[in-house]
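J.: Need the 3D shape of this:
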Amino acid sequence: MADGFKKLIVAIFKVLDFAVKRPLLSIVVAVVGLVVFAYANYEIIHYSSSPGFCKMCHPGTTTGPLSEVHTWEKNIHAKAGVSCLDCHGKPGAVGYLIAKMGGLADTYGEIFKSKEHKMKILKEAFEDPKYAAKLVPSETCLFCHSDEINKKTKESTLMSVGVHFRMLDHVENPEFRKSKNLNDILVDGVKATTDVDPKHKSHYAAGIGCVECHRNVAHSGDFQTKTKMKTCFQCHDKKRPGKMPENENCSGCHRKMDRVAPTEALVFGKGETAVKFEHMKHLKNFMCNDCHTKLFQTKKGSTRITFADHTSGKYCYSCHNGQIAFASDKCARCHGKSPMPTVLNYSKKGMVPVAFNHEKHAAKRVCTDCHTKLFVMKKGGSSISMNGMYQGKFCGSCHNGKGAFATTDCAKCHKGFKPGVIKFKTDGGEATFSHEFHLGMFKCTDCHTKIFPFKAGGRKATMADMEAGKSCGACHNKGKDAFSVQDDCGKCHKM
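T.: Alright, predicted model coming up:
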């Protein structure tokens with residue numbers, strides 16, 4: 001170590017000796033070295049402030065933490081040339097240097113601290129609006145978006161030291177703002193293409209940071225991020241007395257009140273059973289944020305309500321549950337006229353048609369007793385079978401002999417269902433079956449559909465099958481229940 005120190009001293013003396021002997025050349029070398037050193041540092045500082053450098057630690061290609069550069073690239077700020085240090089550093093040379101020193105701390109954390117530590121910090125920026133407002137102060141946003149703040153900042157801040165490190169320090173309004181087609185948001189509000197005046201000046205005066213409302217404005221993955229109503233309601237709610245405007249004062253922010261809460265009824269659906277929704281009638285009892293955006297988006301047609309939703313507690317039925325407001329089974333209250341057809345006719349090949357009387361059933365039941373638990377709200381949408389009804393499905397849910405007459409009483413629904421005599425052609429001659437005679441001793445369900453389907457000729461059986469206990473042989477079983485199929489053929493076959 002001592003030898004190294006001696007060599008250093010010797011080298012210094014040699015340089016001094018060279019400078020004394022050749023002063024002019026020494027000055028030239030020193031100046032060139034200083035210029036090269038300054039230029040190298042300028043390039044390093046400039047590059048380390050670019051999105052490309054930031055991407056080394058934020059390489060994600062989706063949304064959220066780690067994808068900050070990727071989402072910025074898809075945002076309107078990127079198109080305008082506004083990059084990382086333009087937002088994440090206060091205006092002026094000092095603000096830039098402080099941001100760079102903060103970058104050194106981030107670099108240290110990237111190298112020496114855990115990934116969990118890094119993710120915790122990045123998630124906080126996405127999830128905590130107060131913390132996000134510290135990362136991007138309002139004055140930084142307003143430096144570009146407001147002439148007044150731009151002027152005040154430039155008058156009280158050393159903006160540049162003669163070199164160009166970022167766009168922000170050279171922004172001068174109103175020229176810059178107009179070149180980007182921007183309004184002065186503290187004076188002009190927002191563009192007239194929107195119905196909302198967000199009162200930027202009063203929010204700024206109240207100390208509310210820009211990114212508290214416009215959170216993730218550059219990192220949402222959208223080209224131009226708009227504030228959602230649910231963000232407004234985080235402050236403008238019933239929990240903060242005096243903070244929420246009454247419904248009648250919605251026009252304080254919404255310049256076109258007729259579009260926010262139309263005075264004319266909103267019509268949903270078509271025809272004489274369409275639903276008419278009266279905004280103003282509901283506003284006498286509820287606040288805007290009781291429904292928006294918890295139940296409905298603030299865009300007509302964005303919510304699709306099905307009949308299955310009627311008893312779900314969603315949408316209108318959050319209140320129309322029979323407790324807060326009339327229940328959703330009072331169809332005519334909303335539809336004007338009950339949407340049910342008086343009679344529905346069902347037919348199936350090989351079956352006698354069934355006429356279902358809606359009106360008669362609705363006098364004893366409510367719509368939701370059947371729809372959509374038993375039947376979908378579309379004619380022909382449910383494939384009904386007798387087997388299903390015997391199992392307690394469809395009509396059989398009530399027609400079980402307890403809630404209503406049993407499905408075994410066929411003639412109640414199928415008028416003229418039972419033919420008196422059915423004739424079958426067989427190799428042994430024509431066979432006849434008397435429905436009327438057998439129904440004197442048995443019920444329909446004793447045979448249908450355990451033994452025979454509800455279709456003439458639907459199941460063929462040979463004498464061997466019947467002798468094995470199938471088809472008619474299930475009862476005609478050697479005299480146990482009825483005479484055997486092997487005895488007295490002439491009883492069935494007309495020879």
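J.: Pull out the buried positions in stretch 40-51.
T.: Applying a neighbour-count criterion of 16 or more other C-beta atoms under 10 Å, one finds 48, 49, 51 buried in stretch 40-51. All C-beta atoms are positioned from the backbone trio N, CA, C, and that covers glycine.
J.: CA-only coordinates of it in PDB, if you can.
T.: The C-alpha trace of stretch 40-51 is given here as PDB (Å, rounded to 0.1, in the frame of the first residue of the first chain):
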ATOM      1  CA  ALA A  40     -20.200  12.300 -21.100                       C
ATOM      2  CA  ASN A  41     -22.100  13.200 -17.900                       C
ATOM      3  CA  TYR A  42     -24.700  15.100 -19.900                       C
ATOM      4  CA  GLU A  43     -25.400  12.100 -22.000                       C
ATOM      5  CA  ILE A  44     -25.500   9.800 -19.000                       C
ATOM      6  CA  ILE A  45     -27.900  12.000 -17.200                       C
ATOM      7  CA  HIS A  46     -30.000  12.500 -20.300                       C
ATOM      8  CA  TYR A  47     -30.200   8.800 -21.100                       C
ATOM      9  CA  SER A  48     -30.900   7.800 -17.500                       C
ATOM     10  CA  SER A  49     -34.000  10.100 -17.600                       C
ATOM     11  CA  SER A  50     -35.400   8.500 -20.700                       C
ATOM     12  CA  PRO A  51     -38.300   5.900 -20.800                       C
END
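J.: ok now it, how far from the chain's centre?
T.: 42 Å (C-alpha atoms, centre = their mean, to the nearest Å).
J.: just stretch 106-124 next, same as before
T.: So, by C-alpha atoms, centre = their mean, the centroid of stretch 106-124 is 31 Å from its chain's centroid.
J.: returning to what we had before: just put the buried residues of stretch 40-51 in CSV and tack on distance to residue 66, pLDDT and secondary structure.
T.: Formatted as CSV, the buried residues of stretch 40-51 follow (distance: C-beta to C-beta, whole Å; pLDDT from 0 to 100; DSSP: H, G, I helix; E, B strand; the rest coil):
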residue, distance to residue 66, pLDDT, secondary structure
48, 19, 86, coil
49, 19, 87, coil
51, 14, 93, helix
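J.: would you list those in TSV and tack on distance to residue 266?
T.: Converted to TSV, these look like this (distance: C-beta to C-beta, whole Å):
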residue	distance to residue 266
48	55
49	51
51	45
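J.: Can you tell me which of those is nearest residue 234?
T.: Residue 234 lies nearest to residue 51 out of the buried residues of stretch 40-51, by C-beta to C-beta, at 30.7 Å.
J.: now the closest residue to residue 311 other than its chain neighbours: how far from residue 10?
T.: Ranked by C-beta to C-beta, 6 or more residues apart in numbering and with sequence neighbours excluded, the top spatial neighbour of residue 311 is residue 368, at 5.2 Å. Distance, residue 368 to residue 10, by C-beta to C-beta, to the nearest Å: 100 Å.
J.: More neighbours: which of the two?
T.: Neighbour totals were compared for residue 368 and residue 10, and residue 368 leads with 16 against 9 (other C-beta atoms under 10 Å).
J.: okay, residue 313: pLDDT?
T.: With respect to pLDDT, residue 313 scores 80.
J.: Equivalent analysis for residue 249, please.
T.: Residue 249 is given a pLDDT of 53.
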